[in-house]
Each structure stands twice: as structure tokens, then as C-alpha cells.
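Undergrad: one predicted model, sequence on top.
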Amino acid sequence: MNQHAKIDIRHSTCPHDCPSACALDVEVIDGRSIGRVRGSKIQTYTAGVVCAKVARYAERIHHPERLLYPMRRTGPKGAGQFARVSWEEALDEVADRFLQAERDFGAESVWPYYYAGTMGLVMRDGINRLTHVKRYSRFYSTICVSTARSGFSVGTGKIAGVDPREMGVSDLVVIWGTNPVNTQVNVMTHAMRARKERGAKIAAIDIYNNDTMKQADIKIILRPGTDGAFACGVMHVLFREGFADRDYMLRYTDCPDELEAHLKTRTPEWASAVCGVPVQEIEAFARAVGQTKRTFFRLGYGFTRSRNGAAQMHAALCIPAVTGAWQYEGGGAFHNNYSIWQFNESLIEGHDAIDRSTRALDQSMIGRILTGDAEALQGKGPVKAMLIQNTNPMTVAPEQNLVRQGFAREDLFVAVHEQFMTETAAMADVVLPATMFLEHDDLYYGGGHQHISVGPKLIEPPGECRTNHQVLQGLGKRLNAVHPAFDMTPRELIDATLNKSGHGDIATLEADLWRDIQPDFRTSHYLDGFAHADKKFHFKADWAHPPIGIAGKGPWEQMPSLPDHWPAIEEADEQHPFRLATSPSRSYLNTSFNETPGSQAREGAPSVMIHPADAASLSIADGDFVTLGNTRGETTLTAKLFDGLRRGVLIAESIHPNKAHVGGCGINTLTGADVVAPIGGAPFHDNKVWIKKVAAPEYKS
């Protein structure tokens, strides 16, 4: 007689690098494996919806190609030749090589490197504790959010805004600089609720007719890097036609008269010439915003991918301050809730051991750092040894030719703690198998909403996979890195962090499942004043003193104080007549999920969108192989004719493995790592390139 499998529904939180941090209901089968993953209906932001790639998580966690055992390189770097070793042998070798680098070149020659492969605080940020205790080179995070956050915070004074669930009671939801159908599906849940229940309109502002824009009522397609010009043209109309709320601005903003005078010359005609949006569309959008008190601006991470992104974010954020939309339920703006968590990570990260005299290396400049660029190394010695967790820089970092050269160095020792044999793991000297989120305990918050949660261990890991924390504990003992947190379990660290942060204990949070800590209405809408010392929203940005990050990076002195188009982007020129953006796809998340069959089938081979008129001028047909290039390198993919973008613009969705591209060079071969003002960043959507048709490659059987 067949015995049915026992299926329990357990709860967790999605750990991946996405603002939604979805609340999950997970089928646990016989306590050993997982089945379907669904969005929880209990948690009011997730509201029962989860993206397709996470719904298929069983494909990933039970993938036959998961790394299961520690391995040591036996062949040339990058050849993928490894031999299995024990954990003791692997950790001994990593520790020995770190100690050797420290003896020969100093502690700063070791650079622990990580990012957001998990957003769990214990497993993501614990690597900083090893860095701080050992006085290794510190890690300055620039590859994702820094640019947009600085632009938002110079306006409001902190990174927090209207409850994102208020999109559901808005009359006009403006989705700007994000494609949530691809990247954070829950935004659409609440926007669609407003449309269904209130007859609300949805406006989408982006650089191509993406899947979100296809569902919008108002569609604005910009040239990349010109959001500031569009915003100024809109505000010009708001002042000109009497939609500016002067009483609100007098009470809540710093210099409305100066802003109005400044915008006199920023006409829709001027804006149209810069951003490519017809004058009538600029004016119609401005009137829609001006006539709709409950307008909700959902401002996304697209701003953070451009050299002028901070100024663009600030300019867009100024619009609801001009109209006074912040006063109304369903009105105002939201980008991220970073400022509401106030987690004290001192134990997790070892804050008591920080030595500020040690250098903090810019993660986006890994290619320059590993190839000996003196400026990127801050005038100090080379990096000789690395531990890499939660990221895949051999594919995701900019300036891939330099990254590849750096990792190929024979004098560089690299240990990679990973779940799959990524292109970074393939370049390692030692590869360590890592757990996935359902195989360990961790603490999470949702950047795109207001909930905190414990993600508990639900099943045992396969093979000999170990958690990030276990690896750090093992190395800590061998490196004589003494800190109380190395002797604590993840649950003990979570409990202590919650208590230090004023959030109670782990048992209480687990009982809550997902705790809603959204501030009250007045606080969220800044009705008692904004977070600057003068309690005003700042139309005039103080770029020398942004509320977050290390100020004074990049050409910050050139940034416009009042909203404007700042032409700091990589403009097209005669040799590089196209602007390229590397936008996120629906089925990959950076390089996570590009190993799962469902995601691979949906995404297919690497391609680039090109306007049919541009393609015709270059004799490029749909499906032709094309090479894109600039001074950083070249990459080859297939052309996809698409009229949903401006002439002179190219869009390459997703980060495919380098090996998926003809010639083995991926899309980030073309992206730059120069410092973005005012606190650093990585301008992935801001590239000038040429494009040409090439012959189809000859495949060998």
C-alpha cells in the first residue's frame, strides 16, 4: 500500500536581493525536502503573491548541480578542475594563505568580499566581523542602492516614506525607475488593487516599454539618464498652471520661490529636447499629477544605475512636494524603508573591533583593485587573498575584462563559499559548499515594505554544505580572530540583535511570523516635519552632506543643488552612437536563478533590443548576431527588434553567464566602474556603445 508523503506548510521569508522580501508559505515534504512555495496571505504586503522564480524554488534548492563538498583547485585557474577535500583541509588552507598574506604584505592584503546573495543579516553581514577583528581591508558597498538612496535622503532627510500599501488607496500610482513586474511583483499587487477598487490610473516612467509599462494607463518612455529633465518640465507646468500647493510648500519646504524661479527656463520644450518625451505627454502627465491629490510616487532602483542618478532621484522626489501630495492618504512617495529598522548589528558585524584607519575598498572597483590600480587601492599595497560569500563578481561586477585579469593572477588566493559552480567559483583556489535560506536560521527585513521576520531552518542541507556563519567560525579559530559572536549560534545572534535593537526576543518575533513596524501616518507622511534639522523638505540639495554614505565621492561639486538635468552621463558620440542599459529580467535576479531550468527556458539566449529604424540603418535583422563594444571591451548576442524605446537606445535584459555569450564575454564587459557622485555607485545602465552585425558563429558538434 502506497504511503502518502506528509506535507507541512511552514513559514519563511525570501532572502534574495529584492525589496519585496516576500513572506512565504513553504511546503515541507516529510521534513526533508520542499515542494511548492507560495506568497503568504497573512502578511499584508506580500498579500499572497510571489514571483514565479521563487514559486519554483524546489528547482533551485534540490538542483542536481549544487555544490556538496569542499574542493581544492588542481588545474589552471578557471579550468574547473577540482578535487574533493575535507572541511578541515579546506579551512586550514584558507587560514594558512590568509596568514601568509598578512605576514608578507600586511593584514590589508586580505579582502573579504560579499554582497546580497542573501539579505539575511547573520549570513550576509557576519563576514564584516572577521574583517574588523583581523583589520583586513574593509568593504565599501556601492554596487546597488547607494546612488538612489543619497538622492532620496537629501530631500526627505532619511530613507523612509509613505506606507507602500497605500498604493492600494491611491488615485494615481506613478511607478518610476523600476519594472516591478520583473523585479518586485508586490508593487503591482497594490497598484492593481487601486485600479480595481478605485478606478485609479497607473503611470509608468522608464526607458523602454517593459512588462510594467504594458499594464500602465500612462506610458512615459525617456532617454536613459534624463529623468531630471522630465521632472523639471513637469514641475514647470505645475507652477505655470496653478497646480503647485503654495501653502504646503510655505510650511514644509525650504525654498519654493527659488525653485519656481529656477524652473522658469525648464519648459516642457526644453525637457523634451533632452529626454525625448513629446511636449504634449509632459504636459498631460503634469496635469494628471496636479489634478490628483492622491498621487503615489513609487521611485525605484533604476535611478541608482546612472552617473547622475542621485540628482535624478531628487528631482523626481521634488514633484510630490510641489503638489503637496504628502498630505493625503495614498499620496506622497516611497523608495525604501531603510531608516525604520534601526537594527543594531554590532555583534553580527563586530563594530567594537572596527579600525577606521584600515582602507575601505569599493566593491564596484574590484577589477581595478585586483589589477593593481593605485587609486583604487588607495595608495596602499595589493590584495593577495580573498574570501567571497553571497556574490558572483566574475559575472556581475563592472569592467569584466579587468575582473577576469585580476582573478587570473597566480599570486592571488581566492576562497569562494557558494551554492553552485559559478564563474567566480570556477576561478577559486578553494571552493566551499554553502547552505540555502531554508537550511539555516536568519533575520530579515523588507526594504520595500515594513516587516521584520525570522527565517527559520526548515530542512537539513545536502551533502556537507555549511552556513556562512559556520565558515566564519571555523576560520576565526584558525586565524585567532577573537570575538564573542564567533562563539554564538545564529539563533543566539538573532536574539541578541533583536534585544539590542529594541525589537524584543527571537521567540516573540517567531510567534509574530512577520512583524509590521510601519510608523504612524503622520510620521510616514512627514506631517510633523521632514527629517532635516529645519524640518523642511529640501528642494536645494546639500550634496556635500548627504544623510547616508561616505560623502565627497566622484564629481559631487558639479551636482546641481536645485532639481535639474545634470549631464554627467556617458553621452553617445560619433564612435559610440548608442546608449546601452542592462536592465533586469523577469526570471533571473542578477545571477541567481540562472542555473534553474524554468528560468533558463524563459530567458533563452542573451539578446539586445534595438529600435527597428536603427536596425534597418545598420542592415540588422531580428535574430542576427551583433557585437556591442566600447573602450572597455566587446560582447556578442542576438538582436531583438523592438519599437518600445527611443532611437539610439539599446536594452540588454538580465545578466547571463559570460559563457552564454558568443566569445565568452558577458554584458558587464561594457559597464564602467568610475565613481558615481556623491557617495559612490555603479552605473550599469549608463554606457555608450557601438553595435554592428556579425556572422553567425560556427558551432562544433
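TA: Sure, I can see it. Numbers count the residues shown, from 1 in each chain.

Undergrad: find the centremost residue of this protein, please.
TA: The residue lying closest to the centre of the chain (C-alpha atoms, centre = their mean) is Cys144, at 4.2 Å.

Undergrad: doesn't Gly300 make contact with that one?
TA: No: counting by C-beta atoms under 8 Å, Cys144 sits too far from Gly300 to count as a contact (11.8 Å). For every residue, glycine as well, the C-beta is placed using N, CA and C.

Undergrad: next one: the longest helix seen in the chain to chain centre, how far?
TA: Counting by DSSP state H, the longest helix found in the chain is helix 87-105. On the basis of C-alpha atoms, centre = their mean, to the nearest Å, helix 87-105 is displaced by 32 Å from the centre of the chain it belongs to.

Undergrad: where in this protein is pLDDT low?
TA: For the chain, the stretches with pLDDT under 70 are 1-3, 699-701.

Undergrad: sorry, back to before: now the element after the longest helix of the chain, going C-ward?
TA: Elements were assigned by DSSP states H and E; along the chain past helix 87-105, the next helix or strand is strand 113-114.

Undergrad: so what touches that next one?
TA: Contact with strand 113-114 is made by Arg124, Ile127, Phe139, Gln363, Ile366, Met386, Leu387, Ile388, Gln389, Asn390, Thr391, Pro393, as judged by C-beta atoms under 8 Å, 6 or more residues apart in numbering.

Undergrad: in helices, which of those residues fall?
TA: Short answer: the contacts of strand 113-114 in helices (DSSP H) are Arg124, Ile127, Ile366, Pro393.

Undergrad: which residues touch the second one?
TA: Okay, so that is Ile127. Pro112, Tyr114, Phe139, Leu387, Gln389, Asn468, Leu472.

Undergrad: mind running it again at 7 Å?
TA: Pro112, Tyr114, Leu387, Gln389, Asn468, Leu472 (C-beta atoms under 7 Å, 6 or more residues apart in numbering).

Undergrad: likewise for the last one?
TA: For Pro393, the contacting residues are Tyr113, Ile366, Val403, Thr424, by C-beta under 7 Å, 6+ apart.

Undergrad: which members of these are the farthest-apart pair?
TA: Tyr113 and Val403 (11.5 Å; C-beta to C-beta).

Undergrad: the more surrounded of these two?
TA: Val403 (29 against 24; other C-beta atoms under 10 Å).

Undergrad: just the helices in the stretch 551-700 of the chain please.
TA: For the stretch 551-700 of the chain, the helices defined by DSSP state H, counting those that start in this stretch cover 597-603, 612-617.

Undergrad: which outside residues touch the longest one?
TA: If I follow you right, that is helix 597-603. By C-beta under 7 Å, 6+ apart, helix 597-603 touches Lys53, Arg56, Glu59, Ser585, Arg586, Ser587, Tyr588, Phe593, Asn594, Ser654.

Undergrad: 8 Å - rerun?
TA: By C-beta under 8 Å, 6+ apart, helix 597-603 touches 52-53, 56, 59, 585-588, 593-594, 653-654, 656.

Undergrad: do the shortest one as well
TA: Contact with helix 612-617 is made by Phe578, Ile620, Ala621, Asp622, Ala639, Leu641, Phe642, Asp643, Arg647, Gly648, as judged by C-beta under 8 Å, 6+ apart.
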